[in-house]
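Engineer: Quick one, structure for this:
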Amino acid sequence: MLPNRCLKATAIYNLPVAAAVDNYIPLEIASKFRSQAWRVWGVGLGIASLWVFFILAAPIAKADGLVSVSSPIYSFFSFLCHQLDGRSFHVEGEKFAVCSRCFGVYFGIVIAFLAYPFWRRIENIDPLPKFWLFAACLPAAVDWSLTIFGIWENTYLSRVVTGGLLGLACGTYIVPSIVEITRNFSLRRGTFARRAA
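Structural biologist: Residues are numbered from 1 along each chain as shown. Just a heads-up that it's a prediction; the model follows:
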């Protein structure tokens, strides 16, 4: 039997008592979830930042004559992007490793990772409404479609902004996903079940 204060708390949140008991996570495990979530977030931010670093490193390396460094980077990103010169930003006269829209997407993901802890708890894996992810695709789709159908020619600004919006949305969905995947993997291995000696 739960104490009266627990029954009142569950009534406030409109939860049945059985559901409150079933959803209970011991503080020790919750603390481990939180620590793991911060580590996963840090690794994800590091990978996303490194990705953007390589996009910028390619033109700088090429401009400095380090073709042996820039060529593999350009080659790798050529599988992900058309790399058209007229649609890419340039550094020292050399194009980025991806076009302006792709750069906006990847930069947006980095910004989303940085901003995420300021508006949502890192360990929160509750799914976000998918509507916003689809809504973030619309500006890029409209910008691209208008150009394809010859209605207007998109610009560097329109491409990077629409790509950035998509990247922000993607990053916001990536964080809880990688936290949940890592948590599920740890739970299957029994990592959180072991008590420190």
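Engineer: now the strands for this protein?
Structural biologist: 90-91, 94-95 (DSSP state E).
Engineer: Deepest-packed of those, please.
Structural biologist: strand 94-95 (a mean of 19; mean count of other CB atoms under 10 Å). Any C-beta I mention is one placed from the backbone N, CA and C, and that applies to glycine too.
Engineer: Tabulate the strands of the chain (a markdown table), appending distance to F118 and mean pLDDT.
Structural biologist: Putting the strands of the chain into a markdown table (distance: least, CB to CB, whole Å; pLDDT from 0 to 100) gives the following:
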| stretch | distance to F118 | mean pLDDT |
| --- | --- | --- |
| strand 90-91 | 30 | 96 |
| strand 94-95 | 34 | 97 |
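Engineer: what's near enough to touch the residue most central in space within the chain?
Structural biologist: Closest to where the C-alpha atoms of the chain average out (CA atoms, centre = their mean) is G171, at 2.1 Å. Residues in contact with G171 (CB atoms under 8 Å, 6 or more residues apart in numbering) are 48, 108-113, 116.
Engineer: Would you check how far apart Q36 and I151 are?
Structural biologist: Per CB to CB, to the nearest Å, Q36 is found 49 Å from I151.
Engineer: Looking at those two, which has the bigger crowd around it?
Structural biologist: A count of neighbours by other CB atoms under 10 Å puts Q36 above the other of Q36 and I151, at 18 against 9.
Engineer: hmm, back to that, so which of the contacts of G171 wins on neighbours?
Structural biologist: Result: I109 is most packed of the contacts of G171 (other CB under 10 Å), 27 neighbours.
Engineer: Give me the nearest residue to that residue, chain neighbours excluded.
Structural biologist: G171 (3.9 Å; CB to CB, 6 or more residues apart in numbering).
Engineer: Which pLDDT value belongs to V142?
Structural biologist: V142 is assigned 95 on the pLDDT scale.
Engineer: Can you report how many residues lie near it?
Structural biologist: 14.
Engineer: can you check W152 too?
Structural biologist: 10.
Engineer: how near is the closest residue in space to it that isn't next to it in sequence to D85?
Structural biologist: Nearest non-adjacent residue to W152, counting by CB to CB, 6+ apart: L146, 5.0 Å away. Distance check for L146 against D85: by CB to CB, it reads 22 Å.
Engineer: Many thanks, I have nothing further to ask.
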